[in-house]
Each structure stands twice: as C-alpha cells, then as structure tokens.
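>>> compute the structure for the input listed below.
(one chain, ligands or ions: 1)
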Amino acid sequence: MPEMPEVETIRRGLVDTVLNKRVAEIKVLKASSFRNEADPRMACSVITDIKRYGKMLVIELENEFSLVTHLMMTGQLIIRENEVTLFSGGHPTRSLISALPDKSTKVIFAFNNSKLFFNDERGFGYVKLLETKNVAELDFIKKLGPEPPNDIDVFLQRIRKHKIMIKPALLNQSIIAGLGNIYVDETLFLSKVHPKSLTGNLNHTLLTNIYLNADKVMQLSIKHGGSTWRNYLNVQQEMGDFLNVANVYQKHGSPCKNCGAKIQKIRIANRGTHFCQNCQVLY
Ligand SMILES: [Zn+2]
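Numbers count the residues shown, from 1 in each chain. This next block holds a predicted model:
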C-alpha cells in the first residue's frame, strides 16, 4: 500500500505530465474498476487540477466533474507517448515496463498524443467519476483526519478522544492523515516517545511535537521520492530512497544514531514496530 509521500510523489508527476491536457477518450476495460456516477463521457474534459486527500488522488476536470483515484494495494498509473513511458508510479510489477494494455489494465485515458493507463493486478483500486461538488461528501474524505502541519487543533481534539497506545493512534487516518507504519515509527523516534505510550499520558507539548515531527518525516520522504519498501517506484521510475535516511524503520539490531543502543523491533497492534528503548520515553 502506498503511503502519503508515495502518493504525493505520483501527484507531482501527474501535474508535470497531464495537467491542462484534454482527455479525448476513455476506455473502460473492467467495469468494477470504474465507478461512475455519471456518463463515462463526462471524463472527457480538460484536467484543471490534481489534488490529494490522504492517499486518494482527485483529478479535477474543467466540466466540474472529478476522477477520484485510489491505488489501494496494487494500483499503477502509467503515461506513455508512442510506447515511451513519460512516467509510471505505483505497485512494482512488469506492467510498468511491458507493453500496454495488459491483463492488469482496467481503464485507459487517451489524450491527443499520449495515454494514461490505470492498472490494478488485484482489482481493489478504482477510479470514480463524480461531480466535483460531491467529492467533499465522500465517506473517505469526510472521515479523513487533518494532515500535518495543518489544523493541529483538530488533531489534538481527536487524539484526546482515544485512550490507546500512540502507535495505533497515529496509524488511524481519522486522527491524522497520511501516516503509515514506516512514518509512525520515524515520527515517534524524532519525538523521543515510546510507541507503547498511552495517548492519555501525553501532554500538549508532546502531542504538538509529534504532529510537527510527522510533517518533518513526510516532507523528508517526499524529498527522497518515497520509500523503497516493496520497491515502490515513483513517477520517473526511480526508486524512492527514503529508507536510506530512516532512523529506526527496518534498522533493528543496528546502533541508534543518537545513543548507540541497539534499535529494537516489537509488534504493536499487529504491526512491526521499531524504536530505541534508550531515547524513547514510555509515558
Ligand atoms: Zn537511542
């Protein structure tokens, strides 16, 4: 599953390649991957903006319709011009480099000189066509928590409603948007907070610090093109190299960069969790 920095990297790649282009034709190869609330021909308009809400991409069209895209586990977005890949992003399979369409191709958007392929091997991802004014009403977007560094008060309010460990709290997309396992571990290391700490024991300063550090970690990852975990590929088909600069994620057994103690790995809420038991305080 791509995390926020990977989806943001793809968003920026789409902005570079398809923004202001007109969708001339749409071909739906698998009906369940294209959830339209309108005539599919309404997708044929000029792309005026490409937004991101958490891990969801929203491609806005001039005719006031939008294409909401969720890559889920195995989605890919690939744009080609005469067989040449202008960019590709998403789950790493041979489809990123082989001839398209192939059996994973679900929807094709044709532009004047290029084509955008939505591929999805397992078929849990989708593109949804709906009126732009209805995007904010989608359940996923309505429930989505604030994304750091914005709306810190909303984050504080929401996290205080839960009396749970900080690790699962930060993975909950309705409390804070965009963080997955890698980024939660890195955020808690920077914040010097043990992942088993209870939210109720963390004061205003600690929670504020966690929220701002989450932004720092995600911005650093975007700068590095996302993480290489599961060989995530960004739009230029380069591997993201965030894991090279990670402090704790997948570093168990290695010395902590701050104190030299061995990084530990435990399981919390069924997720592999990496931390330094010397630097990170249990509250
Ligand atoms: Zn340490």
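>>> tell me what the helix or strand bottoming out on mean pLDDT in the chain is packed against?
Within the chain, no helix or strand scores below helix 242-245, which has a mean of 74 by mean pLDDT, DSSP states H and E. Applying 3 or more C-beta pairs under 8 Å, 6 or more residues apart in numbering; DSSP states H and E, one finds that helix 242-245 contacts helix 204-223. C-beta: built from backbone N, CA, C; applies to glycine.
>>> average pLDDT for stretch 13-27?
The average pLDDT within stretch 13-27 is 95.
>>> same question for stretch 96-103.
Stretch 96-103 carries an average pLDDT of 89.
>>> what lies in contact with that stretch?
For stretch 96-103, the external contacting residues (C-beta atoms under 8 Å, 6 or more residues apart in numbering) are 29, 76, 78, 80, 83, 85, 88, 90, 95, 108, 115, 117, 119, 233, 237.
>>> one more: stretch 23-39?
Counting by C-beta under 8 Å, 6+ apart, 40-47, 61, 65, 101, 105-112, 118, 120, 123, 125-131, 134 sit against stretch 23-39.
>>> redo that, cut-off 7 Å
40, 43-45, 47, 65, 101, 105-112, 118, 120, 123, 126-130 (C-beta atoms under 7 Å, 6 or more residues apart in numbering).
>>> again with stretch 144-159
By C-beta under 7 Å, 6+ apart, the surrounding residues in contact with stretch 144-159 are 53-54, 169, 173-178, 199, 207-208, 211-212, 214-215.
>>> the nearest residue to Lys21 once chain neighbours are set aside - how many residues pack around it?
Of all residues not flanking Lys21 in the chain, Phe111 sits nearest, at 4.8 Å (C-beta to C-beta, 6 or more residues apart in numbering). Look at Phe111: counted by other C-beta atoms under 10 Å, it has 17 neighbours.
>>> give the contact list for Phe111.
Taking C-beta under 7 Å, 6+ apart as the criterion, Phe111 is in contact with Val18, Lys21, Arg22, Val23, Ala24.
>>> which helix or strand contains the residue nearest to the first one when sequence neighbours are not counted?
The reference is to Val18. Once flanking residues are discounted, Val18 sits nearest to Ile47: 5.5 Å by C-beta to C-beta, 6+ apart. Assessed by DSSP states H and E, Ile47 sits inside strand 47-53.
>>> thanks a lot, catch you later.
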